[in-house]
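>>> Here is a sequence with its predicted model. Questions after.
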Amino acid sequence: MKIVTNMTITDPDDTGIDAIYIQISSGYDLGADLLTLTGTHPNITTLWNPTTGTLTLSGVSGQPTYIELIAAIKDVEFSSSAANPSGIRNFSISVGQANYLPSNGHYYLYIPNIGITWSAAKIAAQNSTYYGLQGYLATITSAEEAQIAGEQTTGAGWIGGSDEQTEGIWRWMTGPENGTVFWNGNFTGFTPNYAFWNTGEPNSSGDEDYAHVTALGVGIPGSWNDLSNTGSSSGDYQPKGYIVEYGGMPGDPVLNIATSTTITIASITSTATATRCGNGTVSLQATSNTGTVHWYDAPTGGNFLGSGNSFTTPTISATTLFYATAFLSGCTTNTGTAVTVSVIPKPQLTYTSPYAMCEESFEVIEVQTSAGILFWYDSQTSTTPIFLGTNFLIPNINQDTTYYAQADFNGCLSDRVAVVVDVYPNPILADETIALCEGDTILLDAGNPGMTYLWSNGATTQSIMSDGQTNYSVTVTTPAPESCSKTKNFSLAYNPDPVISSVTTNDLAVTINTVQNGNFLYSLDGVNYQNSNSFTVTEGGLYMAYVKEPNQCGEDQKPFVVISIPAFFTPNNDGINDRWYIKGMSYFNNAQVTIFDRFGKLITVLNSSNPSWDGTYNGQLLPSTDYWFVAKIEGMMPETKGHFAMKR
């Protein structure tokens, strides 16, 4: 781009000058920025200094005229080899060699002088003038001043800062800023305005009280380090000269020896990528340092899509790049800045609805997703999932229910779909226990007419006749399409016909024994029944044992005799216990009881013809004492031995 559109040089007493100096005075990008003379200018020659960013226009032979210089200046072109140049470039056009900074109107000149001390440089600077302007060691108070005075010079040298007055408090000791503090402390200190120390500086090593622009290749270009008044005798820290600043001093004349021009390179300074879920539009954002943001579909050329910091894309279905460029007065950035719109595919769900299931059962309902994780909800608006996964084993439900499925793929949600579950009723069945008498049969009915049946014995009718088994089951199934099945179990309890096997006695204790084990009722009088088969009678004698099944499934009876042996008797003719005998023995014709005294003497024998003893022997009363007996009641029964007492 040409650096000027028009200019004039007015000199009332000359028609030309030896040279014009055009410098990129701020924003200079060393190694990328370039000033060149274009067009045909036979009497003008050029010299480009990449260090200072200066293009010198001078005559091929002799002094060029102002007319020739003006024509050449109009053909000076700025270019940049950077991929995306940006920012502001200020250009100074001056008749003098000193660097000119348009922002403050000052001039900067580097004076080579190897080994000069800071004190001598300060005096030398103060003794110099530039077109009537008073010189002084440079005081650098801004970044652009540091660039033109430090970076864009031909060598390193002294500047006007020092902490010689107070260690660690750096002041400008020259020029209009004389006495102004610009740094406190060592390299970890701070500035109240502006400072540009190199890394690790100032370090006050060896009484280093004076500021110096760092040599080229040492640390940050144009930055400062502290040196002693003399610096080193050689090497990078040997003073090579000093930098004089002109301008701003009291009494300085107003000069018209320089002018300036500015190019603003429009560029995109920030963008924001965007992400959307599924097809649709997206609002993109971009900002530029100047001008208007234009949007395209390609980095260069391409179709113009819109303008402005905000841009709404057309409908897109996949990740797409859009390109933002800065447009200023017909000048557009060379290459658009890519702004990515990432499109996350919206999950697609595949499912069946409604599902059918039978009550009191479990059912797996399935929804497949093209991507992401599937969540299940109990309502269309619920935010709390009840299950995670494509296959949902729904709980036992007994009414129609709707569940809702939605997939999440990296934050991109599918539509929430409803999956209806229709619940069909089961046949109405309940297990049944039936009591029967042994040998009886019964008709077993599944109920629920009009359905299909499958019995445990293979029958397929609604009802069957029992055949002596204790357990039956039937599965009843409703008609298609429901086809809901439920099973009913029949338990048949067969109550046996009781048969008395024996009646055992132990003195007055009686036990009725049956052939079968069963829930029988027992009685000794046929009227009063009890659950227990054990009784206690009051005396020996002939009894009848009764047993019956409580569900009227039969009964049995059997006579039995209770044998009761008295422990004593009292033959005192009072009518109570006057004779000793075994109660119940009279029911046994062949029963015999032999009685002995304590010495084994036979006293008497009891039988059917002599059933009791009165306590005498041969008509004589025997004494009160114990007597012994041996009883043989019945042939199958063992002998019973014991003793009893006679009390008079």
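Sure, I can see it.

>>> okay, CA-based contacts and neighbour counts for the rest of this
OK.

>>> got the CA coordinates for the biggest strand by length in the chain in PDB?
Scanning the chain for the longest strand, with DSSP state E as the assignment, gives strand 485-495. Output in PDB follows, covering the C-alpha atoms of strand 485-495 (Å, rounded to 0.1, in the frame of the first residue of the first chain):
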ATOM      1  CA  SER A 485     -51.300 -66.500  31.500                       C
ATOM      2  CA  LYS A 486     -51.700 -67.300  35.200                       C
ATOM      3  CA  THR A 487     -51.400 -70.600  37.100                       C
ATOM      4  CA  LYS A 488     -53.700 -71.900  39.800                       C
ATOM      5  CA  ASN A 489     -52.600 -74.600  42.200                       C
ATOM      6  CA  PHE A 490     -54.900 -77.100  43.900                       C
ATOM      7  CA  SER A 491     -53.700 -78.900  47.000                       C
ATOM      8  CA  LEU A 492     -55.900 -81.900  47.900                       C
ATOM      9  CA  ALA A 493     -55.700 -83.100  51.500                       C
ATOM     10  CA  TYR A 494     -57.000 -86.600  51.900                       C
ATOM     11  CA  ASN A 495     -58.400 -87.200  55.400                       C
END
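
>>> All further residue positions should be reported with the first residue as 365.
With 365 as the first residue, the last one maps to strand 849-859.

>>> which is the next helix or strand following that strand?
strand 864-870 (DSSP states H and E).

>>> Direction included, what does that next one pair up with?
Within its sheet, and counting by DSSP bridges, strand 864-870 is paired with strand 873-878 (antiparallel).

>>> quick check, distance from the partner strand to the centre of its chain.
From the chain centre to the centre of strand 873-878 is a distance of 77 Å (CA atoms, centre = their mean, to the nearest Å).

>>> Quick one: distance of the longest strand of the chain to the chain centre.
Distance of strand 849-859 from its chain centroid, counting by CA atoms, centre = their mean, is 53 Å.

>>> again with stretch 654-661
Counting by CA atoms, centre = their mean, stretch 654-661 is centred 40 Å from the centre of its parent chain.

>>> coming back round to it: report all helices and strands that the longest strand of the chain contacts.
Helices and strands touching strand 849-859, by 3 or more CA pairs under 8 Å, 6 or more residues apart in numbering; DSSP states H and E, are strand 796-801, strand 835-841.

>>> rank the ones you listed by mean pLDDT and give me the bottom one.
In terms of mean pLDDT, the lowest-scoring of the helices and strands packed on strand 849-859 is strand 796-801 (a mean of 92).

>>> got the contact list for it?
If you take CA atoms under 8 Å, 6 or more residues apart in numbering as the criterion, strand 796-801 is touched by 852-861, 915-917.

>>> how does it look with 7 Å?
For strand 796-801, the surrounding residues in contact (CA atoms under 7 Å, 6 or more residues apart in numbering) are Asn853, Phe854, Ser855, Leu856, Ala857, Tyr858, Asn859, Pro860, Cys917.

>>> And these, which of them are buried?
Asn853, Phe854, Leu856, Ala857, Tyr858, Asn859, Pro860, Cys917 (16 or more other CA atoms under 10 Å).

>>> which residues sit in contact with the second one?
Right, Phe854. By CA under 7 Å, 6+ apart, Phe854 lies in contact with Asp795, Glu796, Thr797, Asn835, Tyr836, Ser837.

>>> one more time with 10 Å
Counting by CA atoms under 10 Å, 6 or more residues apart in numbering, Phe854 makes contact with 794-798, 808-810, 834-838.

>>> before we move on, what about the first one?
Under the criterion of CA under 10 Å, 6+ apart, the neighbours of Asn853 are 793-797, 810, 819-820, 835-839.

>>> okay but Thr639 is in contact with Leu685, surely?
No: between Thr639 and Leu685 no contact is recorded; they are 11.7 Å apart, counting by CA atoms under 10 Å.

>>> Please identify every residue contacting each of the two.
By CA under 10 Å, 6+ apart, the residues touching both Thr639 and Leu685 are Thr704, Val705, Ser706.

>>> domains in this protein, as residue ranges please.
Here the domain parsing of the chain from automatic domain parsing is 383-463, 470-610, 632-708, 713-788, 796-859, 864-926, 932-1010.

>>> Minimum distance to Thr623: which of those has it?
Smallest distance to Thr623 across these (CA to CA): 5.3 Å, for domain 383-463.

>>> Now do the closest one, average pLDDT.
Here the average pLDDT along domain 383-463 is 94.

>>> next one: stretch 533-551
96.

>>> which residues in the chain form helices?
430-438, 482-490, 507-510 (DSSP state H).

>>> how about CSV for those helices, with mean neighbour count and distance to Met1000 added?
Putting the helices of the chain into CSV (neighbours: other CA atoms under 10 Å; distance: least, CA to CA, whole Å) gives the following:
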stretch, mean neighbour count, distance to Met1000
helix 430-438, 19, 156
helix 482-490, 19, 151
helix 507-510, 19, 138
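
>>> Columns distance to Pro566 on top of these, output as TSV?
As requested, the helices of the chain are exported to TSV (distance: least, CA to CA, whole Å):
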stretch	distance to Pro566
helix 430-438	43
helix 482-490	16
helix 507-510	17
